[in-house]
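Engineer: predicted model and sequence below, questions to follow.
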Amino acid sequence: MSPAFYIQAEALAGEERRRLGLGDDPVIDARALVEQQGVLVYVTPIPGGSLSGCFVVVAGEPWMMVNSAHPLGRQRFTIAHEYCHSLVHRDLGFVVCGREKPPHEKLADAFAAAFLMPAVGAATFFAADLGRPKVDAQKVVDFCYAYGVSYRAAVYRLHNLRIITAPHRDALLEEAPSRVAASMGYDLQDPTCPFYATNPDTGRAFDSLPRGYRSLAISAFEDERISESKLAELLGVDVDDLDNILDPVEVDDVLVG
C-alpha cells in the first residue's frame, strides 16, 4: 500500500476518534459504537469462510454484515473496516469485502487498524519494550486483549508504526497466538477473548440482529404497538424465550439514525 493510503487512513481514523471522544483508549464495543452512529450491524455466519463482511445502503440506511464464524478480534476489525465504507464510500452503494483489495478496500483496512489501534495508544503500551531487542509474542497477546484485536492485525499494525522491524514481524507471525494466550493463563473460551470463535451451529438468530433493530422491536412491544407473538417473530425466537430477552440487563439502549 502506498504511503498516501496510510496518511489518509490515519487522518480519517484520528478525526473520527476525536469526534467520538475516544482519545487514545481502546474501543470497548465496536458494534455498539457504530450502531450509535446509525449503521446497523448484522452478525451472521457467511458461507465459504473467507468473506469477512459487506457494506450496503438500503433505502438510504447504511447496513453492514459481519461474518460471525470468524474470531471476535477479526469481527471487530471487520466492523471498523465496514464503518470506514459508511463514512467515505456510501456512494458505492454495495461493497463486498473479500480477498481482492482495490483502493477503497486498502483504505478501509488501514482505517480499521488505525481506528482500533491508535498510534499513541500502541506506542504507550509498548513504551517500556522499545529499547529492548524485541517485543515478544506474549506482549503482543496482551495488546490483543487490551485493544480487542486479532494477533495478525496487531503484528502488522506494530510493523506499520515502526515499533517492530519486518524480520521481527515475520517471526511473530510464526507464533500460534491461541497457544501463547493459553500458556499465559487466558481463558480461550471466554466470549470476550479476541481469539474466541463461536460455533455457527449454536448461535441464536436474536444475537445476529442489529442492536438498534432489536431495541426498536422491544420498544414497540413495550408501547403495546405489537403483540408478544409479533415481537417473537421479529426477533427470530420462540415466545417462551422472550422472558430472558426482555430482562432489562439484556436490552441494549442503542440509537439508530
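Structural biologist: Looks like it came in fine.
Engineer: for residue 145, which three-state class applies?
Structural biologist: Of the three states, residue 145 takes helix according to DSSP: H, G, I helix; E, B strand; the rest coil.
Engineer: contacts only, for it.
Structural biologist: Listed by CB atoms under 8 Å, 6 or more residues apart in numbering, the contact set of residue 145 reads 181, 186, 193-194. For glycine as for every other residue, the C-beta is placed from the backbone atoms N, C-alpha and C.
Engineer: so residue 42, which of the three states?
Structural biologist: At residue 42, secondary structure determined by three-state DSSP is strand.
Engineer: list phi and psi for residue 172.
Structural biologist: Main-chain torsions, residue 172, degrees, to the nearest 10: phi -70, psi -30.
Engineer: apart from its neighbours in sequence, what residue is nearest it?
Structural biologist: Computed as CB to CB, 6 or more residues apart in numbering, the closest residue to residue 172 that is not its neighbour in sequence is residue 155, at 4.9 Å.
Engineer: roughly how far apart are that neighbour and residue 149?
Structural biologist: According to CB to CB, to the nearest Å, residue 155 stands 10 Å off from residue 149.
Engineer: confidence score at residue 209?
Structural biologist: Looking at residue 209, its pLDDT reads 64.
Engineer: quick one: contacts for residue 135?
Structural biologist: Applying CB under 8 Å, 6+ apart, we find residue 135 in contact with 126, 129, 158, 163-164, 168, 172.
Engineer: any idea of the pLDDT on the residue nearest in space to the middle of the chain?
Structural biologist: The centre of the chain sits closest to residue 76, judged by CA atoms, centre = their mean, with a distance of 1.3 Å. Confidence at residue 76, expressed as pLDDT, is 95.
Engineer: could you report the neighbour count for the nearest residue to it once chain neighbours are set aside?
Structural biologist: In this structure, residue 76 finds its nearest non-sequential neighbour in residue 30, 4.7 Å apart by CB to CB, 6+ apart. Taking other CB atoms under 10 Å as the criterion, the count of residues near residue 30 is 23.
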